[in-house]
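Chemist: model this:
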Amino acid sequence: MRWPHATAPAWIVHAGFLICALGAGGGFALAAPGARAAIYTLVVMVSIALFGMALLAGHLTHRRPWLVAIGGLLLLLAGQLLWPYWIVGGHLGRAEGRPADLLLAAAHGLFLIGAALAVRHRMSADAGGIVDAAMVGVCAGGALWIWVFQPHLPAGATPVGQVQVLTDVLVLCAVTGCLLRMAGAADGPARTTLGYLLLTVVLTGTALTVGALGVPHRGAWSGTLMLLAFLTIAAGAVHPGAPAAVEPASVAERPAGRFRLGWLGVALSVNPAITAVQALRGDAQAASPQLPIATLLVIPLVLIRFRQLSGQRERAERVLAYQASHDELTGLVNRRQMMAEIDSALAGPHPVTVLLCDLDGFKPVNDRYGHAAGDEVLRTVAARLTEVAGPDRPVGRLGGDEFVVLCQGGTEAQVAGLRERVTGALSVPIPLPAGPVSIGVTIGAARSTPSAPLDRTALIAQADAAMYAGKPTRHPRAA
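Modeler: Numbering: from 1, shown residues only. Have a look, this model is predicted:
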């Protein structure tokens, strides 16, 4: 099955959406209740079919978020088939606590999970910003519940129904915050797809609000808005930019500056402030458990944010520790760390040998081929020294073209064999873009034993003297 690619014209999707929206929405508004139920069910089935076709055609990559979204649509379809006149009859948002209400809340929960899975890929570089957006959304949902929904609840609203509607409001507000963050950072076709998904959430929330406010003909209004929400989510799935909407974005996480932290603090203070005002005014709603529930739902997001910040700090500390102890060019331990390694080895009971390696013929490589070629030679030397020395012998770069290998234990014959292997490994020509080059190495060795101990300064000095003593007998080779 062929499917529009990201380069396909998006106007086809927009035009199809507008035609379906005008036809289905107008037909729903003008039809009798029985026909409305049939139109609504047909639109839900068409949305699910479009999702399924896009998945089967391979148009939707990172299939899990879309599969979860289809799960939410299937729940809504099941609710429509079981209770076909529930929305048409104006029950949406009335907090009646019926099974249809609970099924709707479960479907919205699946949409939240799908959005979270999509965010995991799309905004992996801005996970903190996404969590912040979700927290702001949940806090805004708490205020929306207190000021808009709760004052208009009907007398027949049940506690379970109120919790269900509150959960719907909080979930929709959290998803809205996440999608706003994603859409603001996206560009090109991905932004259009995210815009469709955002419109889906806004239409669903508006339908819920219309039902909760008890406006005249709320069944027709809520049904029309929900019908349009199904069409927008289907349009988002078939839009050419849908694959890019869940691809990892190249948006680096922004530091949590004062402005962003200030807004986050204001958002987290909204629900406690509302509770305090209600208590001071002696408002009967102050004893309602819904607002504390909304506040409790923010706590997991706060903990997730703290975990992210803690992880960022730990990663930064590891990077700093590595940079403080390793050479940036070669990845070997640097001079400071190698001196500490030698001190630690000398404090032990075993003989300690250092091999001070100075490259021969390195300067002509730098002069002839440039510093980039010289850096590549140094990286190759570091890799060969590490391979020859093995995991038990630290290798470090003291600076320039000087390297050191630390040997703990071993006989003098074993150390002599290691010297030969180092010389042989570094004599192999090094491939460069301009052609292979050859270098040599002069090695100075010094050994400290329990019977003839040396401190680190004396050990390095002896190795340095031995290395320079060997220099005149060698003939550096340029490439």
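Chemist: give me the number of residues near the nearest residue to residue 183 once chain neighbours are set aside?
Modeler: Sequence neighbours aside, residue 194 is the residue nearest to residue 183 in space, at 4.2 Å (criterion: C-beta to C-beta, 6 or more residues apart in numbering). C-betas here are computed from N, CA, C, even on glycine. Counted by other C-beta atoms under 10 Å, the residues lying close to residue 194 total 28.
Chemist: Which strands or helices does the helix or strand where residue 194 lies pack on?
Modeler: Here residue 194, judged by DSSP states H and E, is contained in helix 189-213. With contacts taken as 3 or more C-beta pairs under 8 Å, 6 or more residues apart in numbering; DSSP states H and E, helix 189-213 sits against helix 99-122, helix 159-185, helix 218-238, helix 242-245.
Chemist: quick one: residue 23 is in a helix?
Modeler: Yes - counting by DSSP: H, G, I helix; E, B strand; the rest coil, residue 23 is found in a helix.
Chemist: can you pull the pLDDT of it?
Modeler: Listed pLDDT for residue 23 reads 92.
Chemist: Please apply the same query to the one 10 residues further on.
Modeler: As summarised for this prediction, residue 33 has a pLDDT of 79.
Chemist: Sketch out the helices for the stretch 201-350 of the chain, chain order is fine.
Modeler: Remark: helices assigned in the stretch 201-350 of the chain by DSSP state H, counting those that start in this stretch are 218-238, 242-245, 258-281, 290-325, 335-346.
Chemist: Check those for me: which has the lowest mean pLDDT.
Modeler: Between the helices of the stretch 201-350 of the chain, the one with the least mean pLDDT is helix 258-281; it has a mean of 63.
Chemist: What about residue 458, how many residues nearby?
Modeler: The number of residues packed near residue 458 is 12, by other C-beta under 10 Å.
Chemist: And it, which helix or strand is it part of?
Modeler: According to DSSP H and E, residue 458 maps onto helix 456-470.
Chemist: Pull out the buried positions in that helix.
Modeler: By neighbour count with 16 or more other C-beta atoms under 10 Å, helix 456-470 contains the buried residues 456, 459, 460, 462, 463, 464, 466, 467, 470.
Chemist: and the helix holding residue 194 with helix 159-185, angle?
Modeler: For helix 189-213 against helix 159-185, the angle by axes from the mean of the first three to the mean of the last three C-alpha atoms, to 10 degrees is 150 degrees.
Chemist: Report the contact partners of residue 299.
Modeler: Applying C-beta atoms under 8 Å, 6 or more residues apart in numbering to residue 299 gives no contacts.
Chemist: quick one, domains of the chain?
Modeler: 11-321, 335-473 (automatic domain parsing).
Chemist: Switch those domains over to JSON lines; also include distance to residue 327.
Modeler: Formatted as JSON lines, those follow (distance: least, C-beta to C-beta, whole Å):
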{"stretch": "domain 11-321", "distance to residue 327": "14"}
{"stretch": "domain 335-473", "distance to residue 327": "4"}
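Chemist: Between these, which one is closest to residue 328.
Modeler: Evaluated with C-beta to C-beta, these place domain 335-473 nearest to residue 328, the distance being 9.9 Å.
Chemist: before we move on, back to that, ranking the domains of the chain by burial, who's on top?
Modeler: Mean neighbour count (mean count of other C-beta atoms under 10 Å) peaks for domain 11-321 among the domains of the chain, with a mean of 18.
Chemist: Output the helices and strands packed on helix 189-213 in CSV; the columns should cover distance to residue 336.
Modeler: Listed next are these as CSV, based on distance: least, C-beta to C-beta, whole Å:
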stretch, distance to residue 336
helix 99-122, 40
helix 159-185, 41
helix 218-238, 55
helix 242-245, 46
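Chemist: how about the ones you listed, which one is nearest residue 385?
Modeler: So among these, helix 99-122 is nearest, using C-beta to C-beta, at 40.5 Å.
Chemist: so after the closest one, what's the next helix or strand?
Modeler: Per DSSP H and E, helix 99-122 leads on to helix 127-144 as the next helix or strand towards the C-terminus.
Chemist: how much does that following helix deviate in direction from helix 290-325?
Modeler: Helix 127-144 runs at 170 degrees relative to helix 290-325, counting by the same axes, to 10 degrees.
Chemist: helices or strands up against helix 127-144?
Modeler: helix 159-185, helix 258-281, helix 290-325.
Chemist: How much space separates residue 209 from residue 218?
Modeler: To residue 218, residue 209 is 10 Å away according to C-beta to C-beta, to the nearest Å.
Chemist: ok, now which ones touch residue 156?
Modeler: Shown in contact with residue 156 (C-beta under 8 Å, 6+ apart): 94, 96.
Chemist: May I have the secondary structure class of it?
Modeler: Taking three-state DSSP, the label given to residue 156 is coil.
Chemist: I'd like the distance between it and residue 79.
Modeler: Counting by C-beta to C-beta, the gap from residue 156 to residue 79 is 20 Å.
Chemist: Repeat that for residue 346.
Modeler: From residue 346 to residue 79 the distance is 76 Å (C-beta to C-beta).
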